[in-house]
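**Student:** What follows is a protein structure lacking sequence information:
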């Protein structure tokens, strides 16, 4: 939409109090855009606008508003209105909303919705966070075996209006076990007298209520589904998850991995809406841990303190190379760990590949390190005009650092996966800290051998 | 599916040459699973299995096979078979496939497909990489205004079988301009005599052929669409992009960002299928560039060479803190840059927020740095037993480093965005290198002032 122009129009209609025109204008807009417009308004104007919304879209608009405004809206409207609003929402949207609200408000909402909706909401709220059960919805189209395509179509026309999707239909047996799925396309193109069990696909893909949402996303993406059925331990159908929610899961899981890989405690809140104390709290634990791990590098340098002091000039020459060596080691390690972490996350790599990957990384690191070592040698000799023994020490240390950091970088995430930890924790920051220690040790050991310090 | 069991069954049927049973077993499987099974087979067995596939699913299975096997298959079958296979594919899948094939094979395929399919394929191949045009498909259901719901339904039953989706229908005017979209659900539930322009939604969301796929994904995700229409500059409808392809885009774009953030040249190929030389080639450019940037840290240390040598003991004490200081600075910078880069990528942050973010990061960094400095002070005094002047220097350097690295970490990605560069390039590795230089300078300047070296 032409956001600026539409916003200006709505602003002026709202200011002039032209309610009928406003209602007409709102009918031309997408619910997502209306919700976005509402976030720009103060509470009283937002409430006025909300009351003008056509009844059939007000629950949809509410589903796309931000948590802060939804809380204010619920606090400002009457009990009956609250009940009607949440009854009208799809149950997955209602749960999403309630999960972010304070307990008192949740109680008030649940006290006012219909008993059916309350039961379903409570059941979904009881599933563990990030499980398939917690993100599913129960508004799907189910049919029992034994009816014809014509009967199914008639039933669909009667009940379809309230379903989140009618494009995939689910066929159940008498025990409510899912026995097949039926794309609407097949139903429409079928002979009216065909039984639905002859049309349905009995080899469907489904997920369990307790499956992790990341695994569910992978299934939906792999099989190119528009929705996936959720079944309980006995194979009974309990809900569906639609592709639009899966897109959010894919995006959120990538964000979570990226945050973990940058030594941040992952947060589901937007950066701009998070306060300074929370941001600091999410960053400090890893920073402190990693800084304290820096003790090792300090201890190594302290251990070689006397030799460094005695060597005087040579000591400073070696010191001057430490940042370059550590930096390169850190970058090499983070390249390898990133590829492995992402490969594990999207399912391209499995823990069984550990040895194959280690062997591959060793070969890559030899190729890479020879080029880097040659460049380091040239820089030491011609740019910094160091003696050959120093240049040789630094180049050899470069090769050792690259090989070790790539080996550590690919092994640790695999190890984490095997230990059922999150591989994303074994990313750049931790790898860098470990590699720092290794590269220092390599440099000083080589220096002792070559320069005989 | 129960992969191990199914694979064993198929293996034994294939080995025993029981073709009819094999065909029956294949009919029970999902096309994605059949394609996955085929990747485990040698070429001759794979070909035998392919020939046994029911005609109506062979093109679908082919669409999910890997590039290597598709190339082998195309090379082994006759011209006519090639033509029929690619004619049967959805045009977006055919383009995906051809983009990965050698030029000679592409020519052979295009020479054998029908003229219509060839024209469409060539048009889509002509769009820039990663544009909406390059990932769209042309198999959508279009209707011209002026027909009734009944007529539309009849037309749909006649032509729907070959479309990628029939769940969203597109209404065009006489100039082929898109004037509205019509969800199939609305068509089914409508009175048969209603005109489709009365049912359609005229305020639809669409994208342009040249829009970047990342922007398209953002639109589809934001509006929870199952497909989005693609229009040319004149607003004429040319294709659609479906949610299943968007899920791949979201995943691939996240992977690309993660790779760039780890100083890797992004690659579309799976890690396990990429050879050692290509892996090394993707890693070397950034490693070399960053290593050479390490010259600055070397120069700084060299500049303070005499003072360091003269200070002897104190010099080594300061040196011993460099890795810890640089490490913490790098981690702080990468936390901030990561949050900003991801925020920009998912649209939560815009370049207009630069000052607000910088102010926020300054406050966060003061909170964080005070805690870290206190800990560093304690470590220097009680663990390493340094003189107070050294401990003070190190703690103050810690505060300076954290504040500067967080400021640089959040500013550079914003700057990149404004210069229309990819913010992901301003991630940990580059930030770390810049921060290394800053932290060294801060340490030495503070040391000169406090310890009077």
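**Tutor:** Received it, and whenever you're ready, just let me know what you need. These numbers come from a predicted model, not from an experiment.
**Student:** Count the neighbours of residue A:169 for me.
**Tutor:** Using other C-beta atoms under 10 Å in any protein chain shown as the criterion, residue A:169 is surrounded by 25 other residues. Any C-beta I mention is one placed from the backbone N, CA and C, and that applies to glycine too.
**Student:** What pairs with the helix or strand harbouring it, parallel or antiparallel?
**Tutor:** Secondary-structure element containing residue A:169, defined by DSSP states H and E: strand A:168-172. Using DSSP bridges, the strands paired with strand A:168-172 are strand A:141-144 (parallel), strand A:178-183 (antiparallel).
**Student:** Go through the ones you listed and pick out the most buried.
**Tutor:** Stretch with highest mean neighbour count among the strands paired with strand A:168-172: strand A:178-183 (a mean of 20; mean count of other C-beta atoms under 10 Å in any protein chain shown).
**Student:** Any idea how far that one is from the middle of the chain?
**Tutor:** Centroid separation between strand A:178-183 and its chain, computed with C-alpha atoms, centre = their mean, to the nearest Å, is 30 Å.
**Student:** Does the following helix or strand past that strand reach chain B?
**Tutor:** Next in sequence after strand A:178-183, counting helices and strands by DSSP H and E, comes helix A:184-189. Yes - interface with chain B: helix A:184-189 contributes A:184-185, A:188-189 (C-beta under 8 Å from any C-beta of the partner chain).
**Student:** pretty sure residue A:190 contacts residue A:149?
**Tutor:** Yes - at 4.4 Å, residue A:190 counts as touching residue A:149 under the criterion of C-beta atoms under 8 Å.
**Student:** coming back round to it: let's have the residues of helix A:184-189 next to chain B in TSV, adding pLDDT and neighbour count.
**Tutor:** Shown next, in TSV, are those (pLDDT from 0 to 100; neighbours: other C-beta atoms under 10 Å in any protein chain shown):
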residue	pLDDT	neighbour count
A:184	91	22
A:185	89	18
A:188	89	17
A:189	87	16
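**Student:** Low-confidence bits of chain A, can you list those?
**Tutor:** A:1, A:312, A:452-453 (pLDDT under 70).
**Student:** gap between the most far-flung residue of it relative to its centre and residue A:197?
**Tutor:** Taking C-alpha atoms, centre = their mean, the residue of chain A most remote from its mean C-alpha position is residue A:310, at 53.1 Å. Using C-beta to C-beta, to the nearest Å, residue A:310 is found at 88 Å from residue A:197.
**Student:** before we move on, what about residue A:114?
**Tutor:** Residue A:114 sits at a distance of 33 Å from residue A:197 (criterion: C-beta to C-beta).
**Student:** returning to what we had before: quick one: buried residues of the strand holding residue A:169?
**Tutor:** A:168-172 (16 or more other C-beta atoms under 10 Å in any protein chain shown).
**Student:** What is the nearest of those to residue B:91?
**Tutor:** residue A:168 (23.9 Å; C-beta to C-beta).
**Student:** can you give me phi and psi for residue A:177?
**Tutor:** Main-chain torsions, residue A:177, degrees, to the nearest 10: phi -80, psi 140.
**Student:** For the stretch 1-150 of chain A, which residues are neighbours of chain B?
**Tutor:** Counting by C-beta under 8 Å from any C-beta, the stretch 1-150 of chain A sits next to chain B at A:1, A:28-30, A:32.
**Student:** Which members of those residues are positioned in strands?
**Tutor:** In strands, judged by DSSP state E, none of the residues of the stretch 1-150 of chain A next to chain B are found.
**Student:** right, and the pair among these with maximum separation?
**Tutor:** A:28 and A:32 (13.6 Å).
**Student:** more neighbours, these two?
**Tutor:** Between residue A:28 and residue A:32, counted using other C-beta under 10 Å, residue A:32 has the larger neighbour count: 19 against 12.
**Student:** And the more buried one, how close does it get to residue B:218?
**Tutor:** 12 Å.
**Student:** Check which residues of the helix or strand containing residue A:329 are buried.
**Tutor:** Residue A:329 belongs to helix A:313-345 when assigned by DSSP H and E. Within helix A:313-345, the residues scored as buried using 16+ other C-beta under 10 Å are A:314-345.
**Student:** Wondering if that helix reaches chain B at all.
**Tutor:** Yes - residues of helix A:313-345 contacting chain B under C-beta under 8 Å from any C-beta: A:313, A:315-316, A:319-324, A:326-328, A:330-332, A:334-335, A:337-340, A:342-343.
**Student:** that older thread, and residue A:114 and residue A:197? Which one has more around it.
**Tutor:** Between residue A:114 and residue A:197, counted using other C-beta under 10 Å, residue A:197 has the larger neighbour count: 17 against 12.
**Student:** how much space is there between the more buried one and chain B?
**Tutor:** Distance, residue A:197 to chain B, using C-beta to the nearest C-beta, to the nearest Å: 15 Å.
**Student:** My guess is that residue contacts residue A:147. True?
**Tutor:** No - under the criterion of C-beta under 8 Å, residue A:197 makes no contact with residue A:147, lying 9.1 Å away.
**Student:** Mind listing what's buried along the host helix or strand of residue A:116?
**Tutor:** Using DSSP H and E, the element containing residue A:116 is helix A:115-125. By 16+ other C-beta under 10 Å, the buried positions in helix A:115-125 come out as A:117-118, A:120-121, A:123-124.
**Student:** Would you reformat the residues of the stretch 1-150 of chain A next to chain B as TSV and include distance to residue A:296?
**Tutor:** Below are the residues of the stretch 1-150 of chain A next to chain B laid out as TSV (distance: C-beta to C-beta, whole Å):
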residue	distance to residue A:296
A:1	56
A:28	64
A:29	59
A:30	56
A:32	52
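**Student:** quick one: contacts of stretch A:204-214?
**Tutor:** A:127-128, A:130-136, A:178, A:180-181, A:215-216, A:219, A:223, A:225, A:228-233, A:238-239, A:241, A:249, A:253, A:345, B:1, B:30 (C-beta atoms under 8 Å, 6 or more residues apart in numbering or on different chains).
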